[in-house]
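Student: Any chance you could fold what I've pasted below:
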Amino acid sequence: CLPNEMIQKLVKSAIEMPRNQHINEEEQSMLHLRRFVQNHAASANRNLCDVSANDSSKLSTPLAVGTLSPQQVFHCVKQQQDKLEESRHENDTCITSPADLNWLISHMEMRDFFIFDSFRRGAS
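Tutor: Residues are numbered from 1 along each chain as shown. Below is the predicted model of the structure:
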C-alpha cells in the first residue's frame, strides 16, 4: 500500500499534466510515446535516477491506467527502428543505431515479468 502523501503527489502531478482538450487520453499518450521514441529514447541517460528532462520515457502512468499498452510501445519502437535502418541504407552518416532503442522494449518485458510475478506470488 502506498503512503497517502505519495498518492496525493501522484494525483496532483497527473492533474497538472498539460492536456490538449481536442484529443482523448489514448491519443495524447500515443503522441507522447512517438515524440519520446523519435526524439529522445536513443540518447536518454538511463543511469540517472531522475525523471526530469528527457532521460525518462514517463510512460508509467499511461501504461498503468491503460491509455497505452506495452504492445503499442513495442510497435512504435519497431517502426522507428525500421525508419532508422532505412536512413542508414540511404545515408551512411546516420548517427543513431536502431539498437539504441532496444532498452525500451526490454523495459516492457521487465515490467510484464514483475507484474505477472506479483500475481503469481499473491498477497503473501
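
Student: which stretch of helix or strand covers Ile7?
Tutor: helix 4-16 (DSSP states H and E).

Student: where does the protein dip in pLDDT?
Tutor: Counting by pLDDT under 70, the chain shows low-confidence ranges at 1, 18-23, 47-52, 92-94, 124.

Student: And the helices in it?
Tutor: 4-16, 25-39, 60-65, 70-90, 102-121 (DSSP state H).

Student: of all the ones you listed, which lies closest to Arg46?
Tutor: helix 102-121 (6.3 Å; C-beta to C-beta). From N, CA and C alone the C-beta is placed, and that goes for glycine too.

Student: I'd like to know which elements the closest one is packed against.
Tutor: helix 70-90 (3 or more C-beta pairs under 8 Å, 6 or more residues apart in numbering; DSSP states H and E).

Student: And the helix holding Ile7, what does it pack against?
Tutor: If contacts are counted by 3+ C-beta pairs under 8 Å, 6+ apart, helix 4-16 sits against no helix or strand.
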